[in-house]
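Chemist: Here is a sequence together with a model predicted from it:
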Amino acid sequence: QSALTQPPSASVSPGQSVTISCTGTSNDVGGYNYVSWYQHHPGKAPKLMIYEVSKRPSGVPDRFSGSKSGNTASLTVSGLQAEDEADYYCSSYAGGYNLIFGGGTKLTVL
Amino acid sequence: EVQLVESGGNLVQPGGSLRLSCAASGFTFSNYVMNWVRQVPGKGLEWVSTININGHVTNYADSVKGRFTISRDNSKNALYLQLNSLRAEDTAVYYCVRESIAWSRDYWGQGTLVTVSS
């Protein structure tokens, strides 16, 4: 399976909102509601931010939200803060025992 | 507090072997499916392998099948990954990851670096 497609970078001012896309196919993103999003500050452990397309684990601020349309999932971060600057990865179940990830998006808070 | 601490990463020559370990704490290890996920420097994440709660069922990415072996010791709260016939393209940070609902992975370690180079 090929990796999911994410924009390599995004830059947004503090307080603004950003939406990061994650594009797959009908065999992964479009075929299942098993999309997750992870935040990764380099050198630290990645953190689960969204699972099952739009659900937030306990402790994740409601500024983070997820959605899906067709073969594309999206992560929206509103009211951006400096600590939101990180790499963001999506993942999707792809049938059988296959889990695929996106290439990652580096989010910069200007 | 859930903690996953990887160890065993090192510089190894092509064709060589390495064993990675992951020490788990803060949760009932034997109740969870566990994974290894890797990240090539500067690239995205790649799922490597998964093992079920009793260690009897394992799955591997095609890129490592036949060369890597995942195992666990529930009495020691430990997860392992045996890496054989290593290639340059196996150079990556390897993460120990706990599996959660809906195919998500809810806790990750900080990773251990494996470098394959002559």
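Modeler: Structure's in. What do you need? Note that this is a predicted model, so its numbers are computed, not measured. Numbering: from 1, shown residues only, chains lettered A, B, ... in the order given.
Chemist: quick one, strands of chain B?
Modeler: Here chain B has its strands, by DSSP state E, at B:3-7, B:11-12, B:18-25, B:34-39, B:45-51, B:58-60, B:68-73, B:78-83, B:92-99, B:105-108, B:112-116.
Chemist: Of these, which is nearest residue A:75?
Modeler: When the strands of chain B are compared by C-beta to C-beta, strand B:45-51 sits nearest residue A:75, at 15.0 Å. Every residue, glycine included, has its C-beta placed from N, CA and C.
Chemist: quick one: that closest one to chain centroid distance?
Modeler: Taking the mean of its C-alpha atoms, strand B:45-51 sits 7 Å from the chain's own mean (C-alpha atoms, centre = their mean, to the nearest Å).
Chemist: Mind putting the strands of chain B into TSV with mean neighbour count?
Modeler: Formatted as TSV, these follow (neighbours: other C-beta atoms under 10 Å in any protein chain shown):
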stretch	mean neighbour count
strand B:3-7	17
strand B:11-12	16
strand B:18-25	19
strand B:34-39	24
strand B:45-51	23
strand B:58-60	17
strand B:68-73	18
strand B:78-83	21
strand B:92-99	24
strand B:105-108	21
strand B:112-116	18
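Chemist: can you put these in CSV and add mean pLDDT and distance to chain A?
Modeler: Listed next are the strands of chain B as CSV, based on pLDDT from 0 to 100; distance: least, C-beta to the nearest C-beta, whole Å:
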stretch, mean pLDDT, distance to chain A
strand B:3-7, 97, 7
strand B:11-12, 97, 19
strand B:18-25, 98, 12
strand B:34-39, 96, 8
strand B:45-51, 94, 4
strand B:58-60, 95, 4
strand B:68-73, 98, 12
strand B:78-83, 98, 15
strand B:92-99, 97, 7
strand B:105-108, 94, 4
strand B:112-116, 97, 11
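Chemist: want to throw the ones you listed into JSON lines with distance to residue A:48?
Modeler: Formatted as JSON lines, these follow (distance: least, C-beta to C-beta, whole Å):
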{"stretch": "strand B:3-7", "distance to residue A:48": "13"}
{"stretch": "strand B:11-12", "distance to residue A:48": "31"}
{"stretch": "strand B:18-25", "distance to residue A:48": "16"}
{"stretch": "strand B:34-39", "distance to residue A:48": "12"}
{"stretch": "strand B:45-51", "distance to residue A:48": "13"}
{"stretch": "strand B:58-60", "distance to residue A:48": "20"}
{"stretch": "strand B:68-73", "distance to residue A:48": "21"}
{"stretch": "strand B:78-83", "distance to residue A:48": "18"}
{"stretch": "strand B:92-99", "distance to residue A:48": "10"}
{"stretch": "strand B:105-108", "distance to residue A:48": "5"}
{"stretch": "strand B:112-116", "distance to residue A:48": "20"}
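Chemist: Can you check which of those strands gets nearest to residue A:63?
Modeler: That would be strand B:105-108 among those, by C-beta to C-beta, at 19.5 Å.
Chemist: In terms of secondary structure, what does that closest one contact?
Modeler: On a contact count with 3 or more C-beta pairs under 8 Å, 6 or more residues apart in numbering or on different chains; DSSP states H and E, strand B:105-108 meets strand A:35-40, strand A:47-50, strand B:34-39, strand B:92-99.
Chemist: nearest to residue B:6, of the ones you listed?
Modeler: Closest among the helices and strands packed on strand B:105-108, using C-beta to C-beta: strand B:92-99, at 5.0 Å.
Chemist: which stretches of chain A have low pLDDT?
Modeler: A:1 (pLDDT under 70).
Chemist: That one against chain B: which residues are in contact?
Modeler: Neighbours of chain B within chain A, by C-beta under 8 Å from any C-beta of the partner chain: A:3, A:32-34, A:36, A:38, A:43-48, A:51-52, A:55, A:57, A:89, A:91-93, A:97-104.
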